[in-house]
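**Q** predicted structure and sequence below. I'll ask about it afterward.
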Amino acid sequence: MSPETAQKNAGGSTLTRDVSVLNRYGIHARPAALLVKTATPFACEILIEKNGVKVNAKSIMGLLTLEGNHGAKLKIHATGADAADALAALADLFERKFFED
Amino acid sequence: MWRTAESPRITVADFFEAGRVSLRLDWEANPEAAVGREITEVSLNRPGLALAGFVRYFAHRRIQVLGLAEMTYLGSLPVPERIARLQTLAHVPAVVMSRGRRLPSYVRQALLPLRVPVIRTHLVTGHFMNAATVLMQNMTNPRIRVAGTMVEINGVGVLLEGEPGIGKSEIALALIKRGHSLVADDTTILTRDSTGAIHGSAVPITREHMEIRGLGIIHVPGLFGVASMREGMRLDLIIRMQKSPAGDDAIDRTGLDTQFRDVLGVDIPLITVPVAAGRDLTNVVEVAALNQRMKQMGHDAARELDEKLKVALARKD
């Protein structure tokens, strides 16, 4: 994340949450689209991290480049006023295996 | 600023895979020892002096190349002495035999128990040293992954950045339709080479695809042909797309005040363009790239007009 973006969100604090990829096929196109759909209505900035690489949770192509395989450990970072709600909504998708399996 | 780079660590196995074709490599011994074996000094060494017994400045963190000189020297020694001298190579990352030479049996006898990976190249020593140095440097160049779509416009590498949904991919698509090419959609990897130039490329798995809202994922070379894609491109210009109220300070109305972004320690020109309904940004981006090319050729339109104005105004004084 660029420092400019960090400054822009300086008003809200960053909350994080660890999640695991539980569905068998990992973050392929459909789960990525579901994540984007869920993340976009929130005003806060949401990044998903795997092995130090962070991508924007509101971008399908970004999520696909993560290569979040089954079993991968990810961390969600949310910065902004509605960060807590956003984390809860996204973590729920991971727990429900993106309604797959 | 985009400064927090990672400089990838490379192992002997990574080096072998990356150079297998271009450096014409084969395994000669101990390939299993190459996995996870890090190359801590990205350079090559000819261990002639060390084999001759002078080990004080032996660059043991580098890959060691046994060329004709080393092999002839070892061959001139009595056999037990050869094996003793080869113990010097016990902790090097790997040994390379040039000119496609096989390991003589005494070298094999010495190196197998040391579990040092031995690679054979079919190149001559000099060519291998040059090509392998460049390859290893490219593999370990500082790099950073940024959110942005990169395109090539008439030989100018442009990175489009802005919030998700602002229209980066749509502009890239319109530019592709005008004959320009895509480097990376949405996520771009930037690296700094040894000359200080910044290069952009795509994350390999999504290289040929784009996501367009309303259409979904499309395959770019399938729809527009192979000329619509570029594997990598030098970064010349960053265009920041911003939804902003009129009169924003970041918008330069004259073009006289060039802004820069620090990318891995290199200043890259940065333009901020406002996004508004009904504004055709494709043209703006295309012209910005051409204008950047003019500047690189030594013509700065804003400055030239300003000079002309100053002369005209001075005459009326």
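**A** Thanks, I have the structure now. Here the structure is a predicted model, which means the values were calculated and not measured.

**Q** for chain A, what are the nearby residues on chain B?
**A** With C-beta under 8 Å from any C-beta of the partner chain as the criterion, chain B meets chain A at residues B:1-2, B:6, B:145-147, B:163-165, B:185-187, B:203, B:205-206, B:209-211, B:217. Where you see a C-beta, it was placed from the backbone N, CA and C, and this is true even at glycine.

**Q** looking at those, which are in helices?
**A** Secondary-structure check on these using DSSP state H: no residue lies within helices.

**Q** need the helix or strand of chain A with the lowest average pLDDT.
**A** Comparing helices and strands within chain A by mean pLDDT, DSSP states H and E singles out helix A:3-8 as the least confident, with a mean of 42.

**Q** count of residues packed around the nearest residue to residue B:52 once chain neighbours are set aside?
**A** On the basis of C-beta to C-beta, 6 or more residues apart in numbering or on different chains, the spatially nearest residue to residue B:52 that is not a chain neighbour turns out to be residue B:73, at 6.9 Å. Residues contacting residue B:73 under the criterion other C-beta atoms under 10 Å in any protein chain shown number 15.

**Q** pretty sure residue B:73 contacts residue B:53?
**A** No. No contact is recorded between residue B:73 and residue B:53 when judged using C-beta atoms under 8 Å, the distance being 11.0 Å.

**Q** look up phi and psi at the nearest residue to residue B:66 once chain neighbours are set aside.
**A** The shortest distance from residue B:66 to any non-neighbouring residue, by C-beta to C-beta, 6+ apart, is to residue B:97 (5.4 Å). Summarising the backbone geometry of residue B:97 under the convention degrees, to the nearest 10, its torsions are phi -100, psi 130.

**Q** so residue B:97 is in contact with residue B:118, correct?
**A** Yes. Taking contact to mean C-beta under 8 Å, the distance of 6.7 Å between residue B:97 and residue B:118 places them in contact.

**Q** between these two, which contacts overlap?
**A** In terms of C-beta atoms under 8 Å, 6 or more residues apart in numbering or on different chains, residue B:97 and residue B:118 are both contacted by the residues B:28, B:103.

**Q** who's in contact with the residue nearest to residue B:52?
**A** Under the criterion of C-beta under 8 Å, 6+ apart, the neighbours of residue B:73 are B:48, B:51, B:52.

**Q** before we move on, the earlier item: let me see the contact set for the residue nearest to residue B:66.
**A** Contacts for residue B:97 were tallied using C-beta under 8 Å, 6+ apart; they are B:28, B:66, B:103, B:118, B:119, B:120, B:121.

**Q** that one bridge partners, please.
**A** Here residue B:97 sits in beta bridges with residue B:66, residue B:120, going by DSSP bridges.

**Q** and it, how far from residue B:158?
**A** 45 Å (C-beta to C-beta, to the nearest Å).

**Q** how about the strands of chain A, start to end?
**A** Defined through DSSP state E, the strands belonging to chain A, from first to last, are A:14-20, A:45-50, A:53-56, A:73-79.

**Q** in helices, which of the contacts of residue B:73 fall?
**A** Reading helices off the contacts of residue B:73 with DSSP H, I get B:48, B:51.

**Q** quick check: ChimeraX command selecting the buried ones in the contacts of residue B:73.
**A** A single ChimeraX command selects the buried members of those (16 or more other C-beta atoms under 10 Å in any protein chain shown):
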select /B:48,51
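
**Q** pipe the contacts of residue B:73 into CSV and attach pLDDT per row.
**A** Putting these into CSV (pLDDT from 0 to 100) gives the following:
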residue, pLDDT
B:48, 93
B:51, 93
B:52, 93
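
**Q** quick check: bridge partners of the nearest residue to residue B:202 once chain neighbours are set aside?
**A** Excluding its sequence neighbours, the residue lying closest to residue B:202 (C-beta to C-beta, 6+ apart) is residue B:184, at 3.5 Å. For residue B:184, the beta-bridge partners under DSSP bridges are residue B:150.

**Q** next, count neighbours for residue B:184.
**A** Around residue B:184 there are 29 other residues, counting by other C-beta under 10 Å.

**Q** hang on, it packs against residue B:201?
**A** Yes. Using C-beta under 8 Å, residue B:184 makes contact with residue B:201 at a distance of 6.4 Å.

**Q** would you mind naming the residues that bridge with the residue nearest the centre of chain B?
**A** Centre of chain B computed as the mean C-alpha position; nearest residue by C-alpha atoms, centre = their mean is residue B:191, 4.5 Å away. Per DSSP bridges, residues listed as beta-bridge partners of residue B:191: residue B:143, residue B:199.
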